[in-house]
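Visitor: Everything below, folded, please.
(chains A, B, C and D)
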There are 2 protein chains.
Amino acid sequence: MMNRTFVLLERISALLRSEQRREAGSAGLEPVHLQALGYLARANRFSDTPQSVGEYLGLSKGNMSQRLLWLERSGYLQRTKDEWDGRVVHLGLTGRGLKAVAEFSPPALWVEAGGEDENLAAELEKVLHRLLGRGGYRGFGQCRTCRHHQKRAGGGHCGLLKVDLEPDQIDKLCREHEMEEEAERIRTPDR
Amino acid sequence: MMNRTFVLLERISALLRSEQRREAGSAGLEPVHLQALGYLARANRFSDTPQSVGEYLGLSKGNMSQRLLWLERSGYLQRTKDEWDGRVVHLGLTGRGLKAVAEFSPPALWVEAGGEDENLAAELEKVLHRLLGRGGYRGFGQCRTCRHHQKRAGGGHCGLLKVDLEPDQIDKLCREHEMEEEAERIRTPDR
DNA sequence: TCTAATAGTATCGTTGCGATACTATTTAAT
DNA sequence: ATTAAATAGTATCGCAACGATACTATTAGA
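Guide: Now for the predicted structure:
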């Protein structure tokens, strides 16, 4: 079998999706909701927008917009308008949103089975980066590991956006993230 | 971050699903169709049924039945009734089905990015088996690695079903598969 | 022989999804 | 400064995946 790795990935994720439905379905939460909430819990203040969530998950912006509106109306998210750019909206998790992530992502089965594994994570990260590079997707890495990041006293500084960063932002995900070495060219598909 | 492995798995599979839609969507093939076809291409003659596909992917039998009916009507599958048990139906890939699997599963991006990796596959297999054990899912392993399998001249023999196996069946997936060591108890959820 | 269990299908309501079209805001170009 | 283009987001449409439930047909078991 020469697609062994792919087949394993496919099945594991199918089973995990199935488990998430079983566990969170009664609350009306679908896998995509949990993924969006999970991302937003880890996104910095330049990347907590509908746009970014869609790019992160590879889903169309129209679709994402509707999922996020539902999440807001259901009390999992709170939206605030950007004070500089009237077009953009920022999304933050409410207490209910945080609770949902803590409870359902990852699903209980994952924890029970001891799914976390440093070795596996390292391997997955390598594959992910190869996929991101070839596919033209954004990397969404932490500021701390970004080539535009500069350490400053009491926080950091983004050389690309030219703004200072609060300490808590440095470990979060950024849509503008670029690796240290090669600057990967970015494609922004809407579809 | 203590859910690093899960988060990586989640994103990789989200992106791969997205790619599959992009590549196979024009043919009307959704990810679930490709997963079903891929499984059936590797299932032995006791496991090529709607029931088995649903269990393999963790989806309800009603849903699977409808997906499979569509696949048959669209010419990707051929159904034949079981000659012993009038209730069961066997599913086999047509030329068109085989072609679809070869073309779209895995998606081109996976191949381009060099996603296959022995090391990663081995790690994934370990996690999968832990998930299967805890979750009560069937393992669907190859006859060759089953505790009921007995080598015979010109093929093999299944000690559980008490039938001889043709050579080509030995490397295929079986829903009755049990590991050598511990016999895992099976749960059969319908949901 | 009758009852339960099983494999599969039909149908219903809900929701995820891409595509398209639209609004509002910002940026670039003339 | 006015106008055109780009961008972020939403609304709407059609389609299809999904679980739940109810149903049929066949087989196994008491």
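Visitor: Do you have the helices of chain A handy? List them.
Guide: For chain A, the helices defined by DSSP state H cover A:4-24, A:31-40, A:50-57, A:61-73, A:95-104, A:108-112, A:118-135.
Visitor: Quick check: which of those is nearest to chain B?
Guide: helix A:4-24 (3.1 Å; Cβ to the nearest Cβ). (Glycine included, C-beta is placed from N, CA and C.)
Visitor: quick revisit: take the helices of chain A and lay them out in CSV including distance to chain B, mean neighbour count and mean pLDDT.
Guide: Below are the helices of chain A laid out as CSV (distance: least, Cβ to the nearest Cβ, whole Å; neighbours: other Cβ atoms under 10 Å in any protein chain shown; pLDDT from 0 to 100):
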stretch, distance to chain B, mean neighbour count, mean pLDDT
helix A:4-24, 3, 21, 95
helix A:31-40, 6, 23, 97
helix A:50-57, 5, 22, 96
helix A:61-73, 11, 16, 97
helix A:95-104, 9, 17, 96
helix A:108-112, 5, 18, 95
helix A:118-135, 4, 18, 94
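Visitor: Adding distance to B:Leu15, write these out as JSON lines.
Guide: Converted to JSON lines, those look like this (distance: least, Cβ to Cβ, whole Å):
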{"stretch": "helix A:4-24", "distance to B:Leu15": "11"}
{"stretch": "helix A:31-40", "distance to B:Leu15": "11"}
{"stretch": "helix A:50-57", "distance to B:Leu15": "8"}
{"stretch": "helix A:61-73", "distance to B:Leu15": "15"}
{"stretch": "helix A:95-104", "distance to B:Leu15": "20"}
{"stretch": "helix A:108-112", "distance to B:Leu15": "19"}
{"stretch": "helix A:118-135", "distance to B:Leu15": "6"}
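Visitor: Next, format those as JSON lines and append distance to DNA strand D.
Guide: Listed next are these as JSON lines, based on distance: least, Cβ to the nearest atom of the strand, whole Å:
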{"stretch": "helix A:4-24", "distance to DNA strand D": "5"}
{"stretch": "helix A:31-40", "distance to DNA strand D": "9"}
{"stretch": "helix A:50-57", "distance to DNA strand D": "3"}
{"stretch": "helix A:61-73", "distance to DNA strand D": "3"}
{"stretch": "helix A:95-104", "distance to DNA strand D": "15"}
{"stretch": "helix A:108-112", "distance to DNA strand D": "14"}
{"stretch": "helix A:118-135", "distance to DNA strand D": "19"}
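Visitor: Between these, which one is closest to B:Gly95.
Guide: helix A:4-24 (21.5 Å; Cβ to Cβ).
Visitor: Now do the closest one: which elements does it pack against?
Guide: For helix A:4-24, the packing partners by 3 or more Cβ pairs under 8 Å, 6 or more residues apart in numbering or on different chains; DSSP states H and E come out as helix A:31-40, helix A:95-104, helix A:108-112, helix B:4-24, helix B:31-41, helix B:50-57, helix B:118-135.
Visitor: that older thread, out of the helices of chain A, flag the one nearest A:Leu165.
Guide: Across these, the minimum distance to A:Leu165, taken as Cβ to Cβ, is reached by helix A:50-57, at 16.8 Å.
Visitor: Show residues contacting that closest one.
Guide: For helix A:50-57, contacts defined as Cβ atoms under 8 Å, 6 or more residues apart in numbering or on different chains pick out A:32, A:35-36, A:39-40, A:43, A:60-61, A:63-65, A:68, A:88-89, A:91, A:137-138, A:140, A:173, A:175, A:188, B:11, B:14-15, B:18.
Visitor: Next: stretch A:101-108.
Guide: Outside stretch A:101-108, the residues within contact range by Cβ under 8 Å, 6+ apart are A:16, A:19-20, A:22-24, A:27, A:29, A:34-35, A:37-38, A:41, A:93, A:115, B:3, B:6.
Visitor: what does stretch A:7-14 give?
Guide: Contact with stretch A:7-14 is made by A:1, B:9-10, B:12-13, B:16, B:35, B:38, B:42, B:56-59, B:121, B:124-125, B:127-128, B:131, as judged by Cβ under 8 Å, 6+ apart.
Visitor: List the residues that contact the residue most central in space within chain A.
Guide: Nearest to the geometric centre of chain A sits A:Tyr39, at 3.1 Å (Cα atoms, centre = their mean). Contact analysis of A:Tyr39 by Cβ under 8 Å, 6+ apart lists A:52-53, A:56-57, A:173.
Visitor: switch to 7 Å and redo it
Guide: A:53, A:56 (Cβ atoms under 7 Å, 6 or more residues apart in numbering or on different chains).
Visitor: how much space between it and B:Ala43?
Guide: 35 Å (Cβ to Cβ, to the nearest Å).
Visitor: Also A:Gly95?
Guide: 46 Å.
Visitor: what does A:Arg175 give?
Guide: According to Cβ to Cβ, A:Arg175 stands 42 Å off from B:Ala43.
Visitor: Same drill for these two, tell me which one is more crowded.
Guide: Using other Cβ atoms under 10 Å in any protein chain shown, the more surrounded residue of A:Arg175 and B:Ala43 is B:Ala43, with 23 against 20.
Visitor: Which residues does that one form beta bridges with?
Guide: Bridge pairing for B:Ala43 (DSSP bridges) gives the partners B:Leu173.
Visitor: ok, back up a step: reformat the helices and strands packed on helix A:4-24 as JSON lines; add distance to B:Met179.
Guide: Converted to JSON lines, these look like this (distance: least, Cβ to Cβ, whole Å):
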{"stretch": "helix A:31-40", "distance to B:Met179": "29"}
{"stretch": "helix A:95-104", "distance to B:Met179": "30"}
{"stretch": "helix A:108-112", "distance to B:Met179": "19"}
{"stretch": "helix B:4-24", "distance to B:Met179": "23"}
{"stretch": "helix B:31-41", "distance to B:Met179": "20"}
{"stretch": "helix B:50-57", "distance to B:Met179": "17"}
{"stretch": "helix B:118-135", "distance to B:Met179": "8"}
